[in-house]
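Engineer: pasted the sequence and its predicted model underneath.
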Amino acid sequence: MEPINVHSMLDAAASAAATAGQPPVERRRRLSPAALALTSQKVHPAYSPIVIAGAARLIDFFVLNLIGVALYFGYVVPQSGFHWEYIAAIVAMTAAAVICFQAADIYQV
């Protein structure tokens, strides 16, 4: 531990009292005009690759569901009537397809 130096403490207090009436000096560096022009430009929003891949998964899920349900109502319902089991099977197969797409690693940005 260093000894306390009273003279240096008094000198620091005296210099601080002498500059009390003056405006404070800013010690930060200002940005250059080129940097200011660059920061004032509008920035378009950016999306992470994970968000884009997740959106692609959701779109795949809904499109495959839509196609499956449309085919069901177009071909099966007129012949044998409506059954909820087919809708559940379509949703399950769509989920399985999206999982297989993920396992095949097709969702890359």
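Structural biologist: All right, it came through fine. Numbers count the residues shown, from 1 in each chain.
Engineer: where are the low-confidence patches of the chain?
Structural biologist: Within the chain, the set of residues satisfying pLDDT under 70 comprises 1-2, 13-27.
Engineer: can you map out the helices along it?
Structural biologist: 6-18, 33-39, 49-71, 77-80, 84-103 (DSSP state H).
Engineer: between those, which one is nearest to Val109?
Structural biologist: Of all the helices of the chain, helix 49-71 sits nearest to Val109, with 3.9 Å by CB to CB. Any C-beta I mention is one placed from the backbone N, CA and C, and that applies to glycine too.
Engineer: which parts of the closest one are buried?
Structural biologist: By neighbour count on 16 or more other CB atoms under 10 Å, the buried set for helix 49-71 is Ala56, Arg57, Asp60, Phe61, Leu64, Asn65, Gly68.
Engineer: pretty sure the first one sits against Tyr107.
Structural biologist: Translated: Ala56. Yes: using CB atoms under 8 Å, Ala56 is in contact with Tyr107, at 5.6 Å.
Engineer: list residues touching both of the two?
Structural biologist: The contact sets of Ala56 and Tyr107 do not overlap (CB atoms under 8 Å, 6 or more residues apart in numbering).
Engineer: residues near Gln102, how many?
Structural biologist: Using other CB atoms under 10 Å, Gln102 has 13 neighbouring residues.
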